Structure formats: C-alpha cells, structure tokens
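Visitor: Sequence and predicted structure below; questions after.
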Amino acid sequence: MVSNSTWSVNQVIFGGDKKFNLDGPDGYRYYWRDLRRSYITFSRRNFGGGPLMTWAGLCSRRKLKLRFPSCRMDSLGNQAVLESSLLPFLTGRKRQTHVLQQDSTILHVSKSTTDWLKRNRLRVMEWPACSSDRNPMENILLDEKTAEVPSKDVIIVAGDLNDHVGATKDGNCCHGGFGYGLRNADGERILDYAESHNLTIVNTVFRKRDSHLISYYSGGTKTQKDFVLVKDRDRGLVTDAKVVPYETVAPQHRPLICTLKIAPPRLKQVERCGAARIKWWRMK
C-alpha cells in the first residue's frame with residue numbers, strides 16, 4: 001500500500017467490465033409468501049437474462065471509448081478490449097506516468113493477462129480493491145445513452161441505481177420531496193444526472209408510508225435505492241409509484257411499481273378508396 005500512496009488520482013486510469021441482465025440478477029431467486037416465514041428458493045442461474053457486457057475506462061481528463069465485448073468475456077477477450085481501447089490512449093510518456101486500476105477477477109489477474117500487460121509495458125496498481133467501484137462505469141453508459149435519445153421521445157429510466165437521494169428536496173427540482181433516508185455522495189450524482197437531462201424521480205413525488213418507499217432490506221438496513229425517472233414534461237403521465245412491501249423479485253429487493261397513463265396516438269383519417277364522385281348538383 002505504501003507504493004500506491006505515491007500515485008496521484010490524476011494518474012490513475014479506472015477500467016473494468018460490467019454485465020447488465022435484462023430480467024434480473026444472476027444467482028438465487030427467492031419468493032416471500034409470508035415475511036414471518038423463511039423464503040422459498042425457486043430458481044438459480046449463473047449466466048442468463050440476455051446479458052449485455054460493457055467495458056469502460058476513465059481518468060481525470062478523459063473518457064475512453066465504450067466497448068461491447070462478448071457476453072462471457074475471458075482473458076483473451078479482456079486483452080482485445082484493452083488493446084483497442086487503452087493502448088491508443090497510452091501514447092508517448094503516458095505509459096510511464098499513468099497506472100491502470102482494475103479489480104482482481106480471474107480474467108484480470110490470469111497468467112495470460114499478466115504476460116500481456118508486461119509485454120505492452122502497462123503498469124497496474126499492486127493492491128487494487130477486491131472489487132473496484134463499478135458506479136463510474138455505469139454512470140458513463142447511463143449518461144451517454146440518455147443523451148442519445150431524441151428530445152421529443154419519452155424516456156423512462158428504471159432500476160437499482162445504488163444511491164440514496166434522501167427524503168427532502170433541498171432545492172433540487174428533480175426530487176419530489178417525499179423520499180426516504182439520508183442522502184449520500186452518490187445520491188448527489190443521481191440528482192445532478194436528473195437535473196442535467198430534465199428528469200424527475202417519480203417515486204419521490206407521491207406521499208407514501210415508509211413501507212411503500214423502502215425498496216431494499218438487508219438485515220437491519222432499510223434504504224430506498226430503486227428509482228424511476230421520467231422527463232419533466234411527462235411527469236403528469238405518472239399516476240402512482242410505490243413499492244410492494246410483501247413481494248420480491250430479486251434477493252433483498254422489493255418490486256417498485258410505477259403506473260403511467262399514456263394516451264394512444266391519434267390515427268390519421270384513412271383516405272377513401274375507389275373512384276371519385278362527381279358532385280353534379282354543385283354546377284347549378
């Protein structure tokens with residue numbers, strides 16, 4: 001750890017891969033029929049859900065190009081991503097002044113990957129965290145993809161954002177003023193993201209009891225970390241948003257139900273088919 005203390009945060013390149021599942025996390029799935037009884041395990045999987053694998057990297061002054069590698073990436077796949085994204089950035093003296101920080105998963109510390117890093121003269125932090133913080137990678141993808149949506153389209157951002165936005169507005173227009181718990185630093189980031197894209201956190205808009213706000217339970221910890229965001233102009237479409245306290249769709253998470261009232265698009269008048277009628281009576 002002493003050697004790492006000589007590095008400045010401006011010299012560290014944070015890189016890592018992140019897998020997004022389309023229908024929930026991997027691992028065990030539980031169902032609570034009664035909170036006074038033990039849960040029932042009804043399925044288990046290691047990989048699935050139509051996953052989307054992403055790789056992102058960033059440093060103090062630049063974001064590296066976002067990559068979409070194979071869904072089940074191995075050491076060779078990791079090396080290919082580093083070669084296409086990291087090496088073009090590390091030109092000139094940057095290989096001597098910058099250091100790569102990534103977690104200690106097998107594909108990052110395998111002999112093949114270690115030999116590849118040495119051949120390309122890339123330096124890696126000797127004692128990285130067991131699991132590096134993925135939030136910066138998620139933030140890059142979320143911010144870029146939101147900015148790509150045309151302004152006239154409807155945006156609905158929903159999921160476990162792993163942040164606490166707090167119970168009160170404190171001057172933030174995107175916060176409805178009826179949240180739960182205390183705000184943390186990552187919660188400030190979510191508020192900044194919502195403000196920059198003109199979004200509203202709809203499950204802080206409606207006054208609810210605590211059991212309809214808390215979406216995450218772990219032992220004695222109860223927090224609100226699952227959110228739904230829509231455009232400010234579409235805020236009137238949302239009629240309700242609340243947590244169902246006695247059901248679960250993923251370990252430790254309660255489902256968040258959001259109700260929207262969207263009018264169907266108006267159909268254009270269908271043009272008549274057939275021969276045109278001549279209105280002779282108008283010639284009089």
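Guide: Cool, got the structure.

Visitor: quick one: buried residues of stretch 216-229?
Guide: 216-217, 223-229 (16 or more other Cβ atoms under 10 Å). Bear in mind the C-beta positions are built from the backbone N, C-alpha and C, glycine included.

Visitor: Sorry, wrong one. I was asking about stretch 8-19.
Guide: 12-17, 19.

Visitor: The residue nearest to Tyr193 when sequence neighbours are not counted: neighbour count?
Guide: The spatially closest residue to Tyr193, leaving aside those adjacent along the chain, is Asp143, at 6.4 Å (Cβ to Cβ, 6 or more residues apart in numbering). Counted with other Cβ atoms under 10 Å, residues neighbouring Asp143 total 16.

Visitor: try Arg183
Guide: With other Cβ under 10 Å as criterion, Arg183 counts 19.

Visitor: wait, isn't it in contact with Gly166?
Guide: Yes - counting by Cβ atoms under 8 Å, Gly166 is a contact partner of Arg183 at 3.1 Å.

Visitor: Let me know the distance separating the residue nearest to Tyr193 from His197.
Guide: 8 Å (Cβ to Cβ, to the nearest Å).

Visitor: what about stretch 208-228, start to end distance?
Guide: This stretch, stretch 208-228, spans 15 Å end to end (Cα to Cα, to the nearest Å).

Visitor: Tell me the one of the buried residues of stretch 8-19 nearest Arg254?
Guide: In terms of Cβ to Cβ, no member of these lies closer to Arg254 than Lys19, at 23.0 Å.

Visitor: Summarise which helices and strands the one helix or strand that closest one maps to is packed against.
Guide: When elements are assigned from DSSP states H and E, Lys19 belongs to strand 12-20. Counting contacts by 3 or more Cβ pairs under 8 Å, 6 or more residues apart in numbering; DSSP states H and E, strand 12-20 packs against strand 52-58, helix 75-85, strand 99-101, helix 135-148.

Visitor: As CSV, the buried residues of stretch 8-19 with pLDDT and distance to Pro245 would be great.
Guide: CSV is the format used below for the buried residues of stretch 8-19 (pLDDT from 0 to 100; distance: Cβ to Cβ, whole Å):
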residue, pLDDT, distance to Pro245
Val12, 83, 42
Ile13, 84, 43
Phe14, 82, 37
Gly15, 83, 39
Gly16, 80, 34
Asp17, 80, 34
Lys19, 76, 29
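
Visitor: All set, thanks.
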